[in-house]
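Asks: Have a look; sequence and predicted model below, questions after that.
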Amino acid sequence: MYKLTQRDKRVLVLGAICGIAIVAYRFGPGVNDRWRKAKESLAKLNNQLSIIDVNDSSEGGLASIVPVFETPADEETQKFAFRSKFFDQLKKAGIKSKGLKFGAPSKSRKAKNPPYDEEGYRTLPLRCTATCNFQQVLTLLVTLNENPYLVGVEEFKMEMDAKKPQEVKLDLTVSTFIK
């Protein structure tokens, strides 16, 4: 093995001190500045959180914007309720539908978690074709989440005529769950 002389030891110690000084000079001020900015940001966020006052009246407001969903019933009952509610929404938006037609229900799938979902549910699509204006389409889209039987929008197609820019041909397919 090599034996280090007193001079070699001093060179290693001096090199280590210089290395530490270089690293401290390079990263020291930046870390301190970033740490200060992070503390200021945290204090600002904590201040904003302390301003927010959650009480019973605001919780009621949150509950009013959460969509309501009805438990699916047998096919005939669900068909009637879903079509009725969707027709009311169309009427409320001012859309005159050319017809509401139910499609074929989806095939029932085996449940992944049998103890929790033995029956499983199928989806039943409802197709709507109508001619209306763009504002009416937007009104309908905004109010769709008020339908407690609605599961999702399967298809949404809008065609505009160049000759009649305000008139829109709407093809919309929405679906619900059935037992």
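Replies: Everything's here; your move.

Asks: where in the protein is pLDDT low?
Replies: 1, 29-30, 53-67, 108-119 (pLDDT under 70).

Asks: Show me the strands in it, by range?
Replies: 97-102, 122-133, 152-160, 167-178 (DSSP state E).

Asks: Next, the angle strand 97-102 makes with the last one.
Replies: Using axes from the mean of the first three to the mean of the last three CA atoms, to 10 degrees, the inter-axis angle of strand 167-178 relative to strand 97-102 is 20 degrees.

Asks: same question, the third one
Replies: For strand 152-160 against strand 97-102, the angle between stretch directions is 150 degrees (the same axes, to 10 degrees).

Asks: List the buried residues in strand 152-160.
Replies: Buried residues in strand 152-160, counted by 16 or more other CB atoms under 10 Å: none are found. (C-beta placed from N, C-alpha, C; glycine too.)

Asks: Okay, now the sheet partners of it, with direction.
Replies: strand 167-178 (antiparallel) (DSSP bridges).

Asks: Next, the buried residues of the partner strand.
Replies: 168, 170, 172-178.

Asks: surely Met160 meets Glu167?
Replies: Yes - taking contacts as CB atoms under 8 Å, Met160 lies within contact range of Glu167: 7.3 Å.

Asks: Residues contacting stretch 93-107, please?
Replies: By CB atoms under 8 Å, 6 or more residues apart in numbering, the residues outside stretch 93-107 that reach it are 75, 79, 83, 86-87, 90, 122-132, 136-137, 139-140, 143, 170, 173, 178.

Asks: So which other helices or strands are in contact with the longest helix that the chain contains?
Replies: Taking DSSP state H as the criterion, the chain has its longest helix at helix 6-51. Under the contact definition 3 or more CB pairs under 8 Å, 6 or more residues apart in numbering; DSSP states H and E, helix 6-51 sits against no other helix or strand.

Asks: Determine which of the strands of the chain approaches Thr5 most closely.
Replies: strand 152-160 (80.7 Å; CB to CB).

Asks: Using PDB, write out every CA atom in that closest one.
Replies: Extracted C-alpha coordinates of strand 152-160, given in PDB (Å, rounded to 0.1, in the frame of the first residue of the first chain):
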ATOM      1  CA  GLY A 152     -74.200   9.000 -20.700                       C
ATOM      2  CA  VAL A 153     -74.200  10.600 -24.100                       C
ATOM      3  CA  GLU A 154     -73.400   7.900 -26.600                       C
ATOM      4  CA  GLU A 155     -73.400  10.000 -29.800                       C
ATOM      5  CA  PHE A 156     -73.700  13.700 -30.400                       C
ATOM      6  CA  LYS A 157     -73.800  14.900 -34.000                       C
ATOM      7  CA  MET A 158     -74.600  18.400 -35.200                       C
ATOM      8  CA  GLU A 159     -74.900  19.500 -38.800                       C
ATOM      9  CA  MET A 160     -75.300  23.100 -39.800                       C
END
